[in-house]
Structure formats: structure tokens, C-alpha cells
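Asks: 3D, please:
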Amino acid sequence: MSSRDMSWFQRLWRNQTKVNFPELWKKAFFLSAAFMLIGIAALLVRGVNLGIEFEGGTVWETAAPNIATGEVRDALREVGQVNAKIQFVGGDVVRVRAELDSTDAASVATVSAALSALTQQSIDDISFNSISASWGGEITGKAIRALIVFFVVVAIYITLGLEWRMAVAALIAVAHDIVITVGLYALFQFEITPATVIAFLTIMGYSLYDTLVVFDKNRDYQRRSALIGRATYTHIMNLALNTVLLRSVNTTITSVLPVLAMLIIGTLVLGAVTLAEFAVALLIGLLVGTYSSLFVASPAAAWLKERQQSQIELRERLEARAQSRGITVQEVEAAAVSGSSTTSLSAADSRSQPDRPAAKRPGAARRPISAGTVIPPRPRKRKRR
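Replies: Reported below is the predicted structural model:
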């Protein structure tokens, strides 16, 4: 079966795709810009919904079947907690969060009694957790320091292993993932907890891993003698992306399926709120990370590399060669990549130049056999005894 007769899925399955990623990069740029603008606007307007572990305060959780949010708000208003945050999690479980210190035992007991009277639950069945604001500030500071250390270590590693331009491109992709993921959390007011921070660090590692696979394959292609000085960096990057596309798709599917199972079972069946928060962050990060490795990190690295003087001179040579042969730069590069540059360029020359008689090589012409000539049989080889 020829490649023209195969569907796109069959070509993907056989790792024979020929996707023109540089053309898709232009559309992906506007898509990423739109998502980042929405995320930044959500961060500025709505802000992030930090958990109690970061801001401090007291949280109550209790079963509240057939009770609306307005009823909980009225009960809290009577005890002076009008600004308390109310959230239903895991079905009929209500979570109330107020800025009360753990030392204010009287206020904590008052809120617990109000929730007990509303939900008809005993006070012993109402769980509450109090964290001081100083401890929450310490946790926030540690999370920020961990993020900074992560960026520095990754930049050094990629610079030493590959080059600084790839390090910058990888960090741009990671920043892109963080802005979009945190922006979605701010837009939908998902609570950011320590489990969410762990998920953020996990997805950053996943995004970097996917990006480094593309960069490593790109480096392998650059070392091939058949491509040195015959194809631009963008074309080689496009070739590397097509090579690892199947691997990226398979990795994403095998990673998303268990996360979806964890999200559905953890939320609908088990009612585990912490598990659901972790799964949501992972799901968003996995999808955004796969997208960024193909459409953010790769074009960023290509854009930085194409600004080198050697790459500028290479592109000028390829354009001059293509102009002299009457073909496009892509055809010149495709001939080098396919490994049959002589055949492809000769075919291109035959399209652009008039037909010329074929040159005769010495000894190539054979004498015609006359009618009466007898051709002797071919002698047999003797067998060794």
C-alpha cells in the first residue's frame, strides 16, 4: 500500500507522517496568545483561590444533603461570618472556610454549632482544620523558592546537555504551561492546595521530558552528514517532530487515561476531594504540556537558531540554489532529507530545463548481433571433489 492510499491515522501508526509543522506554528501562536491573555486576565481580575494551607484560617466540612448555598450563607451571617467561602465538594459535602485563627476557640465553636444546627449533624461529625497565617506564608515562600530552583536547574542542565537556545525555548514552554494552567484555575476558581502545587511540578517535569525528546531527535538529525549544509534548522526540526509524533501521542494517551480514571472515580465514586484536585491539575497540565512541546518549544528553538549567522548564510545558499534550478527551497531540503538528492534534483532540473541528449559513456553502446551469429553456451563450473 502506497503512502497516498493510507489514511492519516495509518501513516501515524506506521510513523510515516509528513505534517508541515512550520505552517501550524503560525496558527498555534495565535491560539497560545489567546489562552495566555485569558489566563492573565483571569489572574488580574479574579485572582487565584489559594487553599487554607497558603493563606491560613479555619475550614469546616460536613455532610449537608438537600441544603442550598443560600441557606448556609444565612446561617453563617447570623454568627458574623458573612465573608466565609462556601463550596460543595464530593456531592453533598459542604466546605466552609473563614479567616479565623485557631486561638479564637469561641468563634470556631460558634460556627461549628451553627453548621450542626443547619445540617442536623452532631458537632463530632463536623471536621474542622485551623492553620495560622504565618505557617501558610511559610508554605507559600517554600513553593516559590522551589519553582525558582526548578527553573535554574533545568536551564543549566539543558544548556550543558544541548545548548542555551534550547534551554530558553524549554523554559518558555514551561512558563506557557504554568500561565495557562494557573489561568484556568483562576478563571474557574479551582482551589490551589499543596496537592495542586505537586501536580504543577509534575506536569512541568512531564512537559520538559516531552520537549527534550524532540530536541534530542533534532540533534541526532543535525549530526547526519547528509543534512549538514543542505537543510535549514526549521526543516530539520519539522523532520524531528514528525519522527516523534507517534511517541508523543501514545505517551499522552497512556498518561491521560489513568488520570481520567482517577478524576472520575475519585470524585464521583469515592468523593476524595484531594484526589480530584490533584487529578484536575494533572489532566490540564498533560494536555497543555504535550501541546507546548510541539507548538511552543520547537518553534521558539527554531526561531532562536535561525538568527545565527551560519543559519542565515545557509538559508541564502539554499535560496540561491533553488532559484538557479527553478524549484523551491522546500524541494531542495526534501531532496537532502530523503537521501536521494542527486535523483531528486535531476528530476527537478529536467522540469526546469529543455531536454538535452543524454551523454554517451565510453563502452556503454553495444554492437548489434547479426542474424547468423551463434552465441556459445555459458561454460559450467567444475564441482570440487
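
Asks: all the helices of the stretch 51-200 of the chain, in order from the start?
Replies: Under the criterion DSSP state H, counting those that start in this stretch, helices of the stretch 51-200 of the chain are mapped to 52-55, 69-77, 105-119, 133-161, 164-188, 194-222.

Asks: could you measure from Leu231 over to Arg165?
Replies: Actually, residue 231 is Ala rather than Leu. Noted for Ala231: a distance of 18 Å to Arg165, by Cβ to Cβ, to the nearest Å. C-beta: built from backbone N, CA, C; applies to glycine.

Asks: more crowded one of the two?
Replies: More neighbours surround Ala231 than the other of Ala231 and Arg165, with 26 against 20 (other Cβ atoms under 10 Å).

Asks: so what are the domain limits for the protein?
Replies: 21-46+136-305, 57-130, 309-348 (automatic domain parsing).

Asks: columns distance to Gln308 on top of the helices of the stretch 51-200 of the chain, output as a markdown table?
Replies: Shown next, in a markdown table, are the helices of the stretch 51-200 of the chain (distance: least, Cβ to Cβ, whole Å):
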| stretch | distance to Gln308 |
| --- | --- |
| helix 52-55 | 44 |
| helix 69-77 | 59 |
| helix 105-119 | 64 |
| helix 133-161 | 16 |
| helix 164-188 | 9 |
| helix 194-222 | 13 |
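
Asks: save those helices as a markdown table, and put in mean pLDDT and distance to Val94 too.
Replies: A markdown table is the format used below for the helices of the stretch 51-200 of the chain (pLDDT from 0 to 100; distance: least, Cβ to Cβ, whole Å):
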| stretch | mean pLDDT | distance to Val94 |
| --- | --- | --- |
| helix 52-55 | 73 | 15 |
| helix 69-77 | 82 | 6 |
| helix 105-119 | 81 | 7 |
| helix 133-161 | 79 | 22 |
| helix 164-188 | 89 | 19 |
| helix 194-222 | 82 | 20 |
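
Asks: the ones you listed: which one's closest to Thr290?
Replies: For Thr290, the closest of the helices of the stretch 51-200 of the chain is helix 194-222, at 6.1 Å, according to Cβ to Cβ.

Asks: list the buried residues of that closest one.
Replies: Neighbour-count burial for helix 194-222, with 16 or more other Cβ atoms under 10 Å as criterion, is recorded at 195-197, 199-204, 206-208, 210-215, 217-218, 221.

Asks: next: stretch 246-256.
Replies: Leu246, Ser248, Thr251, Thr252, Ser255, Val256.

Asks: return the closest of those with respect to Ile139.
Replies: For the buried residues of stretch 246-256, the nearest to Ile139 is Ser255 (27.8 Å; Cβ to Cβ).

Asks: and the pLDDT for that closest one?
Replies: On the pLDDT scale, Ser255 is placed at 85.

Asks: would you mind measuring from it to Phe35?
Replies: In terms of Cβ to Cβ, Ser255 sits 21 Å off from Phe35.

Asks: do the same with Gln222
Replies: 31 Å.

Asks: next one: Leu241
Replies: Counting by Cβ to Cβ, the gap from Leu241 to Phe35 is 21 Å.

Asks: and those two? which has more neighbours close in?
Replies: More crowded of Leu241 and Phe35, by other Cβ under 10 Å: Leu241, with 22 against 17.

Asks: skipping its backbone neighbours, what lies nearest that one in space?
Replies: Phe21 (5.0 Å; Cβ to Cβ, 6 or more residues apart in numbering).

Asks: now swap in Tyr233 and tell me
Replies: Tyr233 sits nearest to Lys305 (Cβ to Cβ, 6+ apart), 4.4 Å away.

Asks: dump the residue contacts of that neighbour.
Replies: Lys305 sits next to Arg165, Tyr233, Gln311 when contact means Cβ atoms under 8 Å, 6 or more residues apart in numbering.

Asks: nearest to Leu147, of those residues?
Replies: Arg165 (22.5 Å).

Asks: so that closest one sits against Leu304, correct?
Replies: Yes. Counting by Cβ atoms under 8 Å, Arg165 does reach Leu304; the two are 4.1 Å apart.

Asks: can you give me the strands for the protein?
Replies: Per DSSP state E, the chain carries strands over the ranges 49-50, 57-63, 85-89, 93-98, 127-131, 191-192.
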